[in-house]
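Student: after the sequence you'll find the predicted model.
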2 protein chains.
Amino acid sequence: MTKKNTPSRNENRGVTIADVAKAAGVSIPTVSRILNDKEYVAEETRQRVHEAIRTLGYTPHTQARRLRGGATMTLALHHPIESPHDLSSVIETSYFTGTAEAASEKEYFINFLVSQLTPEALLNMYRSNQIDGIILLQVRMDDWRVNLLRENNYPFVMIGRCADLEDLSFIDLDFETAMVAAFDYLVELGHRDIGFLTYPQSWHKTGLGPAVRSLDGYQHALSKYGLRSCYREIGLNSVEEGFEGTNDLFRENPELTAIITVSHLTAAGSIKALTQHGRNVPQDCSVMAIGFGGNFASVVTPSLTTLEWSPYEVSYRATILMTEKLANELSSAQQILVPPKLIVRESTKEVT
Amino acid sequence: MTKKNTPSRNENRGVTIADVAKAAGVSIPTVSRILNDKEYVAEETRQRVHEAIRTLGYTPHTQARRLRGGATMTLALHHPIESPHDLSSVIETSYFTGTAEAASEKEYFINFLVSQLTPEALLNMYRSNQIDGIILLQVRMDDWRVNLLRENNYPFVMIGRCADLEDLSFIDLDFETAMVAAFDYLVELGHRDIGFLTYPQSWHKTGLGPAVRSLDGYQHALSKYGLRSCYREIGLNSVEEGFEGTNDLFRENPELTAIITVSHLTAAGSIKALTQHGRNVPQDCSVMAIGFGGNFASVVTPSLTTLEWSPYEVSYRATILMTEKLANELSSAQQILVPPKLIVRESTKEVT
DNA sequence: ACGATTTCTGATAACGTTATCAGAAATCAC
DNA sequence: GTGATTTCTGATAACGTTATCAGAAATCGT
């Protein structure tokens, strides 16, 4: 077969359903029926075939099943990045594992797309039968992926929301509600002057990032409690932006007793800025961060009170949703909003 | 076909090679030959078939190709964890993307295994033709996965090293050499009393984690420069362990002017401990951390001088290695050692 | 005891591709 | 112009599975 000096890695071509059939003295379709738990098989035959399967160490050929079955049993998870190097956060680990775990439970395979993906390449994934469906990360208001897949009627599920989604399935975070919960907590502690350090309005408008709509939530909360608006937009998710944003906020609003920031790093910058101006956290000013549940919040001093969400949970549920959709188990589009949780740690405190 | 009220998502069953053949007025094998760039096809025919492919929007059926071709064109990346929730570091994002990118370039699919994997399940991945090969993360000295795959003669590649590996392919970090480089740098700055905060000896012995053999490197370096050994073992990778380990070190060795720690978090703990005892970093004591190239090193104050390695690069190269092995492009086992790089930031300084 | 049903089983034909062969057409050598 | 070679093409048979059908054996009702 192969050259003598390059030892073939497949001495035995693998045991097939035909081998099992022969060993058990039955026909191939009978073995197939037993493998797939179809009705109308004699108990005695079943025993004999299972025995043969065990002694031969037979396992069905996945590729053959997929070809015959007409489904690839494979999903993709797509992150819309420019370069794979841009993926440098623990969030992705969490997204990956959540998706992988759900897929594994549903006996699906999962393919992570981290390269630049053209519209043509995306369609090809379906057309060439590489995947049955796709889970889209970081969906924006106007997202070419959504438009394309919708037009072509290919199955997909979104993490995040886009415009015009009445018939689409998605899972997203409900920061609109969560911000009000955060205010419930802070107001209870006596805070009346609460600042917000957030992403630019344009990001909220286009729907970029998970904390989208937290600005809407902030404004709802203000009107609920009749408080004064006081927020500032920062550019990037970084310690520096948090530092400078906080300085800006306080220059014009020295009366603030609490700040909510849009990420952990920003919060770290806030604390740094406050400390430098002689305000201790949380004694002189409380800080609350929006963020995914990593361990960063506990590592910082003081540990951060957060409005937390879990990429693992979100991607897990999105993946289950995708499999249900493919199994036609959904009568209509599912739209799931997950409320982030308030986790109180050391960086918030009642007003003294 | 399907019920009227559940709109089938595959109105057209997909265009096949037969459709192309008919449209171009040739036989199916001819189309196949053109698709696979075989020799002996008339230029005129080729044109006509390509034209048909284009107008029909044909893409070859991946599953059919795999069945016929006898290869799954799929790899797995396995991380030996108890629960997927244990994967909570940015390292994994980097491992994932490196592997995914390499696989994509080589036109392989990649499957991330994050669930608990039994030996039986591992063998089944091969036997049921789900994968052609696997990339093992976190290989230990005595690793059941290696033993099992070796016995069964299934292709795999390791990230990390095990015992008795003369005929095995792996990629690992060369911390033995890197530690000497770190000493070259520190000694140049005038340091003679250099402490090391490292994992327990047992971890080094069993080969757990990427910084394995850094202890050997430390001892090589000491003997190269005739310096005194002074290290302490810590339990976990955490700020607290770094804090306490540093306190321990200094209690018995107050003359230390530099510390090398085994991770970023540990280094953060070290800095905290030193500062609390009135020693400023780097003026009074230098701190150097071993770590993967995330952005944490730059976020800390002072930013950390590190001995850095890239999980992206390591997994990328491991994946390429795996594909080469499967393509029989390797005449012998490849054993690659990647030297971590010394990145000088703010936490080290010459002795004054 | 007899036909009607229920259980069980095996031929056969797909799923969409590629490898192998052999035959037809074109080119070459002389 | 003839035979040998080179190009080109199409039947046919796989790869390993499952769906469909029809036939055989067992069970049932009366």
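Tutor: Received it, and whenever you're ready, just let me know what you need. Numbering: from 1, shown residues only, chains lettered A, B, ... in the order given.

Student: stretch A:73-84 vs DNA strand D: in contact?
Tutor: No: Stretch A:73-84 stays clear of DNA strand D (CB under 7 Å from any atom of the strand), getting no nearer than 11.9 Å. In this view, the C-beta of every residue, glycine as well, is placed from N, C-alpha and C.

Student: could you check that stretch against chain B for contacts?
Tutor: Yes: Stretch A:73-84 reaches chain B (CB under 8 Å from any CB of the partner chain) through A:74, A:84.

Student: near DNA strand C, anything from that stretch?
Tutor: No: judged by CB under 7 Å from any atom of the strand, stretch A:73-84 stays clear of DNA strand C, getting no closer than 14.3 Å.

Student: so what would you say the end-to-end distance of that stretch is?
Tutor: With CA to CA, to the nearest Å as the measure, the ends of stretch A:73-84 fall 25 Å from one another.

Student: and stretch A:215-233, by the same measure?
Tutor: 10 Å.

Student: whichever residue of the stretch 101-250 of chain A sits closest to DNA strand D: what's it in contact with?
Tutor: Proximity of the stretch 101-250 of chain A to DNA strand D (CB to the nearest atom of the strand) peaks at A:E107, 12.6 Å away. Residues near A:E107 by CB atoms under 8 Å, 6 or more residues apart in numbering or on different chains: A:M73.

Student: distance of it from DNA strand C?
Tutor: 19 Å (CB to the nearest atom of the strand, to the nearest Å).

Student: doesn't that residue lie inside a helix?
Tutor: No: A:E107 is assigned coil when assessed by DSSP: H, G, I helix; E, B strand; the rest coil, not a helix.

Student: so which residue of the stretch 101-250 of chain A comes closest to DNA strand C?
Tutor: Across the stretch 101-250 of chain A, no residue is closer to DNA strand C than A:N129, which sits at 7.4 Å (CB to the nearest atom of the strand).

Student: before we move on, what about the stretch 251-352 of chain A?
Tutor: A:L326 (17.5 Å).

Student: any idea how many residues pack against that residue?
Tutor: Here the count is done by other CB atoms under 10 Å in any protein chain shown, and A:L326 has 19 residues near it.

Student: quickly note the distance from it to A:G70.
Tutor: Separation of A:L326 from A:G70 (CB to CB, to the nearest Å): 12 Å.

Student: near chain B, anything from the helix or strand bottoming out on mean pLDDT in chain A?
Tutor: Ranked by mean pLDDT, DSSP states H and E, the weakest helix or strand in chain A is helix A:296-299, scoring a mean of 78. Yes: contact of helix A:296-299 with chain B (CB under 8 Å from any CB) involves A:V299.

Student: for whichever helix or strand comes after that helix, output the C-alpha coordinates as PDB.
Tutor: Next along the chain after helix A:296-299, taking DSSP states H and E as the criterion, comes strand A:305-309. Output of strand A:305-309 as PDB, limited to C-alpha atoms (Å, rounded to 0.1, in the frame of the first residue of the first chain):
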ATOM      1  CA  THR A 305     -18.500  46.200  42.700                       C
ATOM      2  CA  THR A 306     -19.700  45.200  39.300                       C
ATOM      3  CA  LEU A 307     -22.700  44.800  37.000                       C
ATOM      4  CA  GLU A 308     -21.600  41.500  35.700                       C
ATOM      5  CA  TRP A 309     -22.400  39.300  32.800                       C
END
